[in-house]
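Asker: sequence and computational prediction follow.
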Amino acid sequence: MMRALLTYWNLHRVSLFLLALSIVFYGLFAYRLDRGDTLALLSLYAALFFLCYKLIQFEKWNLRLMIFSGIALRGVFLLALPNLSQDFYRFLWDGNLLLEGLNPYALTPDGWMAQGGPPFSGARELHEGMGALSSGNFSNYPPVNQYFFALAAFLGGKSIAGTLIATRGIILLADLGILYFGRRILRRLNRAPYMIFWYFLNPLVIIELTGNLHFEGVMLCFFIMAMYLLLSGKWLLAAAPYALSIGVKLIPLLFLPLVLPLLGLRRSLGFYLGTGLALGACLYPLYFDAFGPNYAQTLKLWFSNFEFNAGLFNVAEWIAVRQGARPWEFIRAYGNWLPAVMVAVTLLLSLLPALRKGKYWFGGALVLLSTYFFLSTTVHPWYIIFPLLLGVFTDLRFALVWSATVVLSYSAYSPSGVTEKPLFLFLEYLPVFGVLGYEIFKNRKNFNAIAKNQAGRDPS
């Protein structure tokens, strides 16, 4: 036993040292970092990204060590209070409401407090922690997400500390599911299975999901499971996990038209019907007469009122303001046009015959989602995790670059409030668009062939 351990140490001591150093840095990030300390945040993140790169470089074929590393790094956050986002207070609020048999969509937290507060302990602490923006609006989290909030609150005994641990357990299981199905899809597409570690060990994923408790990982687990089933020809079985992914986060709705070239008309209609029925079953327990207006009211805010870390929108706004437009009027008009633009882009991509092949389908999905985020008025760092995962299944790496630079958006936070710094936004987006432009130029012949339906045969 000792000889085996010594041999393992001699073979992997550099990688184990890098892992130990990563654990130390994640510990500093989880328990010592203040969001307003931009220099410390950026320095730690840069170091962690470099260590992630070296670990994958040295051990990409060592599945056991890679899985152990991913779990160990996530375990660092087990007892930490999220320090980059306060959204978890709303997660706990909604989950506790559901456990009490109350509909989380019925009233805003401010409305509940005006009536004396909901019937669970710690309500005042959660209300104060979530901030005025969340407390003054109806919940924008879809039904399946609400069930996970309630499950975490139940497993955690309704306490904040216990619910945080339970939530991290759920998110860890989801990431392991992504690792499992992601490797299987990569093999099916004849790609290197180790590419999934760019998701599993990525600091953005570990910090924003396990650390800050965002549920993108749970949504992606169901999504990637559904895609594996679709690529395996099991489209009817895929409807349920796809519906669950939509029920956690709405963004997979964007890809439904892209299923048409992948499955063909008849099977696509069956898949849409199955997805719709499953989604309706998820929604039914929480539906009431005012559900639609309440939910739509909150969703509308994200398209026409909020602005954070925007890419091309900032350029358009800068031009419009210099032409005499008022910023608050421009963002509302822009928010009204964005859905129409995305519908046009989606329909255009869905007409590409090349998307019948799994190899090109993920590329089309990446282009569609990235277009949406490039045009969006609000792009929180954890949003980039979805294009990061899609990019794993393609030859495009600009989303991986974005996962490294998006942390610059946190420079907007300071003790005095939130003020975006144009220089940091420029430094974030310049490498992303630079790499994207290079990849388009480098692969221009392939893009032309795909557009003209001349792409070579693909085993998927």
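Answerer: Ah, there it is.
Asker: every contact and neighbour count from this point should use C-alpha atoms.
Answerer: Noted.
Asker: would you map the strands across the stretch 51-200 of the chain?
Answerer: Under the criterion DSSP state E, counting those that start in this stretch, the stretch 51-200 of the chain carries no strands.
Asker: doesn't Thr394 belong to a helix?
Answerer: No - going by DSSP: H, G, I helix; E, B strand; the rest coil, the assignment for Thr394 is coil, not a helix.
Asker: contacting residues around it?
Answerer: For Thr394, the contact set (C-alpha atoms under 8 Å, 6 or more residues apart in numbering) comprises 359-360, 362-363.
Asker: so where does the residue of the chain most remote from its centre fall, helix or strand?
Answerer: Centroid-distance maximum for the chain: Arg3 at 43.1 Å, with C-alpha atoms, centre = their mean. Assigned by DSSP states H and E, Arg3 belongs to helix 2-31.
Asker: how about that helix: buried residues?
Answerer: Neighbour counts over helix 2-31 (16 or more other C-alpha atoms under 10 Å) mark 15-16, 18-19, 22-23, 25-27, 29-30 as buried.
Asker: may I ask which two of the residues you listed are separated the most?
Answerer: Ser15 and Ala30 (22.1 Å; C-alpha to C-alpha).
Asker: from the contacts of Thr394, pick the one nearest Leu351.
Answerer: Lowest distance from Leu351 to the contacts of Thr394 (C-alpha to C-alpha) belongs to Tyr360, with 12.8 Å.
Asker: surely that closest one touches Ala354?
Answerer: Yes - here Tyr360 reaches Ala354: they are 6.2 Å apart, a contact under C-alpha atoms under 8 Å.
Asker: who's more crowded, the two?
Answerer: Taking other C-alpha atoms under 10 Å, Tyr360 and Ala354 do not tie; Ala354 has more neighbours (25 against 22).
Asker: check what pLDDT the more buried one gets.
Answerer: With respect to pLDDT, Ala354 scores 85.
Asker: thought it was touching Gly363?
Answerer: No - between Ala354 and Gly363 there is no contact under C-alpha under 8 Å: 10.2 Å.
Asker: contact partners of stretch 22-39?
Answerer: Under the criterion C-alpha under 8 Å, 6+ apart, residues 40-41, 44, 47-48, 51, 72-73, 76-77, 80-84, 211, 410-411, 413-415 lie in contact with stretch 22-39.
Asker: and the buried ones among these, selectable in PyMOL?
Answerer: Restricted to buried positions by 16+ other C-alpha under 10 Å, the PyMOL selection for the contacts of stretch 22-39 reads:
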select buried, resi 40+41+44+48+51+73+76+77+80+81+82+83+84+211+410+411+413
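Asker: show me the contacts of stretch 22-39 that map onto helices.
Answerer: Per DSSP state H, helices hold the following members of the contacts of stretch 22-39: 40-41, 44, 47-48, 51, 72-73.
Asker: dump those residues into TSV; add distance to Ala226 and pLDDT as well.
Answerer: Putting those into TSV (distance: C-alpha to C-alpha, whole Å; pLDDT from 0 to 100) gives the following:
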residue	distance to Ala226	pLDDT
Ala40	39	95
Leu41	36	96
Leu44	35	97
Ala47	35	98
Leu48	31	98
Leu51	32	97
Ala72	28	98
Leu73	27	98
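Asker: how about those residues, which pair is most distant?
Answerer: Ala40 and Ala72 (22.5 Å).
Asker: centre of the chain to whatever helix or strand Val435 lives in, how far?
Answerer: Element membership of Val435, judged by DSSP H and E, is helix 422-442. Helix 422-442 sits 20 Å away from the centroid of its parent chain (C-alpha atoms, centre = their mean, to the nearest Å).
Asker: which of the contacts of Thr394 sits closest to Ala239?
Answerer: Phe362 (17.9 Å).
Asker: how about the contacts made by the closest one?
Answerer: Counting by C-alpha under 8 Å, 6+ apart, Phe362 has contacts 390-391, 393-394.
Asker: out of the residues you listed, which is most surrounded?
Answerer: Among the contacts of Phe362, Phe393 has the most neighbours (other C-alpha under 10 Å), with 27 neighbours.
Asker: show me the contacts for that residue.
Answerer: Here Phe393 is in contact with 186, 189, 191, 195, 359, 362-363 (C-alpha under 8 Å, 6+ apart).
Asker: could you do Val407 as well?
Answerer: Residues in contact with Val407, defined by C-alpha under 8 Å, 6+ apart, are 42, 45, 381.
Asker: can you rerun that using 10 Å?
Answerer: Contact analysis of Val407 by C-alpha atoms under 10 Å, 6 or more residues apart in numbering lists 38, 41-42, 45-46, 204, 380-382, 424, 428.
Asker: can you give me the distance of it to Tyr383?
Answerer: Separation of Val407 from Tyr383 (C-alpha to C-alpha, to the nearest Å): 12 Å.
Asker: before we move on, what about Glu439?
Answerer: Per C-alpha to C-alpha, Glu439 is found 22 Å from Tyr383.
Asker: before we move on, what about Met2?
Answerer: To Tyr383, Met2 is 45 Å away according to C-alpha to C-alpha.
Asker: ok, back up a step: turn the contacts of Val407 into JSON lines, including distance to Gly169.
Answerer: Shown next, in JSON lines, are the contacts of Val407 (distance: C-alpha to C-alpha, whole Å):
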{"residue": "Thr38", "distance to Gly169": "29"}
{"residue": "Leu41", "distance to Gly169": "25"}
{"residue": "Leu42", "distance to Gly169": "27"}
{"residue": "Tyr45", "distance to Gly169": "23"}
{"residue": "Ala46", "distance to Gly169": "26"}
{"residue": "Leu204", "distance to Gly169": "18"}
{"residue": "His380", "distance to Gly169": "23"}
{"residue": "Pro381", "distance to Gly169": "22"}
{"residue": "Trp382", "distance to Gly169": "18"}
{"residue": "Phe424", "distance to Gly169": "34"}
{"residue": "Glu428", "distance to Gly169": "32"}
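Asker: ok, the residues you listed vs Arg267, which is closest?
Answerer: Closest to Arg267, out of all of those and judged by C-alpha to C-alpha, is Trp382, at 33.0 Å.
Asker: Asp175 contacts Met225, correct?
Answerer: No - the criterion here is C-alpha atoms under 10 Å, and Asp175 misses it with Met225 at 11.7 Å.
Asker: my guess is Lys158 contacts Phe120, does it?
Answerer: Yes - counting by C-alpha under 10 Å, Phe120 is a contact partner of Lys158 at 8.5 Å.
Asker: who has more neighbours out of the two?
Answerer: Using other C-alpha under 10 Å as the criterion, Lys158 and Phe120 rank with Lys158 on top: 22 against 13.
Asker: please list all residues in contact with that one.
Answerer: Counting by C-alpha under 10 Å, 6+ apart, Lys158 touches 92-93, 95-96, 99, 120-122, 150-152, 164.
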